[in-house]
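[1] predicted model and sequence follow; I will ask about them next.
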Amino acid sequence: MAAILQKALNEYQVKELVEGNKDRVSGFVLKAVDVAAVKDPALLFQAHGLGFAGSPWREDASYLDVLRFATPPNVYIHTPTTPDFVDRAPFNGTGFATWEGGSAPLYFLDEVRLPPRGGAVEDSQGRA
């Protein structure tokens, strides 16, 4: 899979990536191209499945920070279509993320080091 992936980041994760020494990510990701037209923070909130109990994100936020980065080797990427990946709602093991008006294939990323170049943290309005 040669694509740019997108992962939602909370405030703490942004700080760690930008100001700290953190260079690893993991968790659910989407292909950036599959959600490129989704600019509304509430819809991105839905697409990334951020409405779980105890979530550090707010659906009514004015923006949503995302990390876009080159796809790592396939050994780190899994299509979550088995019961093992029914982590929490809204992920149900179908392998798709859904939001009002859309859906896209969902992937699970094992912890992996980000490439030294090519990644970008942006908010939902496209500001880096």
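    Done, it's in.

[2] what helix or strand is Leu17 on?
    For Leu17, the host element (DSSP states H and E) is helix 11-18.

[3] contacts for that helix, please.
    Contacts to helix 11-18, defined as CB atoms under 8 Å, 6 or more residues apart in numbering, come from residues 9, 22-23, 56, 65, 67, 114, 121. All C-beta atoms are positioned from the backbone trio N, CA, C, and that covers glycine.

[4] which of the residues you listed are buried?
    9, 65, 67, 114, 121 (16 or more other CB atoms under 10 Å).

[5] could you dump stretch 64-74 to PDB, C-alpha only?
    In PDB, the C-alpha atoms belonging to stretch 64-74 read as follows (Å, rounded to 0.1, in the frame of the first residue of the first chain):
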ATOM      1  CA  LEU A  64      -9.000  18.500  14.600                       C
ATOM      2  CA  ASP A  65      -5.200  17.900  14.300                       C
ATOM      3  CA  VAL A  66      -4.100  15.100  12.100                       C
ATOM      4  CA  LEU A  67      -0.700  13.600  11.200                       C
ATOM      5  CA  ARG A  68      -0.100  12.700   7.600                       C
ATOM      6  CA  PHE A  69       2.800  10.400   6.900                       C
ATOM      7  CA  ALA A  70       4.100   8.000   4.300                       C
ATOM      8  CA  THR A  71       2.900   4.400   4.600                       C
ATOM      9  CA  PRO A  72       5.400   2.300   6.500                       C
ATOM     10  CA  PRO A  73       6.200  -1.300   5.400                       C
ATOM     11  CA  ASN A  74       3.100  -3.500   5.100                       C
END
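
[6] now do the buried residues in it.
    Buried residues in stretch 64-74 (16+ other CB under 10 Å): 64-69, 71-72.

[7] which residues touch the nearest residue to Leu106 once chain neighbours are set aside?
    Nearest in space to Leu106, with sequence neighbours left out and distances taken as CB to CB, 6 or more residues apart in numbering, is Ala97 at 4.3 Å. Shown in contact with Ala97 (CB under 8 Å, 6+ apart): 28, 30, 47-49, 90-91, 103-106.
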